[in-house]
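Visitor: no FASTA, just this:
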């Protein structure tokens, strides 16, 4: 992990801090010169919560310099309301829940195929117990 340039914390850790450096707020700035003569788009910046859609959710952009990117990020952060942040977190939570349920369905199918292919005996019984645990886990956990 890299160190933050303005604070002693490691970028990406979960500690609360007062550092306003973009990496500590979930922003990533990268120098990426475009093959055009105009140098006003040489730096790309994106937030961890960027949804990637056309037009996006306003959490990405380009800038002429690192300092310009930091200023644009500060402007975006000032405009984001608490409710916007809560809505984004809620959307992310729902997506993660769908991903978890999909992974569970895949694990259930794989466990069933494995159990069916086991020889009759203790290993097959254990395999079907594991399959049953996976199959019923969604009823309790999510």
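Guide: Yep, it's here. Bear in mind the structure is a predicted one, so any value in this text is a computation, not a measurement.

Visitor: state the distance from the residue positioned nearest the centre of the chain to residue 74.
Guide: Geometric centre of the chain, nearest residue: residue 48, 6.1 Å, by Cα atoms, centre = their mean. Using Cβ to Cβ, to the nearest Å, residue 48 is found at 17 Å from residue 74. Just so you know, the C-beta spots here come from the backbone N, C-alpha and C atoms, and that holds for glycine as well.

Visitor: what do you get for residue 127?
Guide: 56 Å.

Visitor: which of these two has more neighbours?
Guide: Higher neighbour count among residue 127 and residue 74: residue 127, with 18 against 14, using other Cβ atoms under 10 Å.

Visitor: low-confidence stretches in this structure?
Guide: 1-25, 53-56, 140-142 (pLDDT under 70).

Visitor: longest single helix anywhere in it?
Guide: helix 82-117 (DSSP state H).

Visitor: stretch 123-134: how far from the chain's middle?
Guide: 33 Å (Cα atoms, centre = their mean, to the nearest Å).

Visitor: mind listing what's buried along it?
Guide: Residues of stretch 123-134 classed as buried by neighbour count (16 or more other Cβ atoms under 10 Å): 127, 128, 131, 134.

Visitor: likewise for stretch 95-110?
Guide: 104, 108.

Visitor: now do the buried residues in stretch 79-92.
Guide: residue 88.

Visitor: contact partners of that stretch?
Guide: Here stretch 79-92 makes contact (Cβ atoms under 8 Å, 6 or more residues apart in numbering) with 49, 51, 57, 58.

Visitor: doesn't residue 46 make contact with the third one?
Guide: No - using Cβ atoms under 8 Å, residue 57 is not in contact with residue 46, being 10.9 Å away.

Visitor: list the buried ones in the strand or helix carrying residue 70?
Guide: Here residue 70 sits within helix 66-79, counting by DSSP states H and E. For helix 66-79, the neighbour count (16+ other Cβ under 10 Å) marks 68, 69, 70, 72, 73, 76, 77 as buried.
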